[in-house]
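K.L.:
Sequence plus predicted model, see below.
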Amino acid sequence: MSNTKLDKVLYVEDEADIRAVARIALETVGGFTVKICESGSEAVAAVPDFEPQLVLLDVMMPGMDGPGTMAALHALPGFDSLPVVFLTAKAMPTEIERYKKLGAIGVIRKPFDPMALSKDVQKIWRGRAGAAAKS
């Protein structure tokens, strides 16, 4: 599984400016096929048709937050092990540990470096098999 090339990424973010920067970083710099959603509920509706390989998920969003969205995504038939990476400004070591205990395969700190975002995502993607073996 770790040799599978990452291509399809679903990005969930409620802030329009961050969505725009992330789209350029992921599509133009990273070469990913990206679907962007503005909310957790929109992401839950989009996943079955888009079938992403990985979800980049904002933690703090109105309505359904990141952890709630991840739980809803994992409750969808066939998506119980969908890899999720949180993007958050709340990235203290205890918070990162909490997100990983909830099932995230990684955490990227905001503000992120647009030129490094796709590399950070790839690094987490490549490391996920090792992380899964530890759980």
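P.N.:
Here it is on my side, so go on.
K.L.:
so who does the residue nearest to the spatial centre of the chain touch?
P.N.:
The residue lying closest to the centre of the chain (Cα atoms, centre = their mean) is residue 56, at 1.6 Å. Residues near residue 56 by Cβ atoms under 8 Å, 6 or more residues apart in numbering: 9-13, 22, 26, 85, 87, 108, 121. Quick note: C-beta positions are derived from backbone N, CA and C, even for glycine.
K.L.:
Scan those residues and report the most crowded one.
P.N.:
Counting neighbours by other Cβ atoms under 10 Å, the top entry in those is residue 12, with 29 neighbours.
K.L.:
one step back: would you turn the contacts of residue 56 into CSV with distance to residue 114, secondary structure and pLDDT?
P.N.:
Listed next are the contacts of residue 56 as CSV, based on distance: Cβ to Cβ, whole Å; DSSP: H, G, I helix; E, B strand; the rest coil; pLDDT from 0 to 100:
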residue, distance to residue 114, secondary structure, pLDDT
9, 15, strand, 98
10, 18, strand, 98
11, 13, strand, 98
12, 17, strand, 98
13, 13, coil, 97
22, 8, helix, 97
26, 9, helix, 98
85, 16, strand, 98
87, 12, strand, 96
108, 12, strand, 96
121, 12, helix, 97
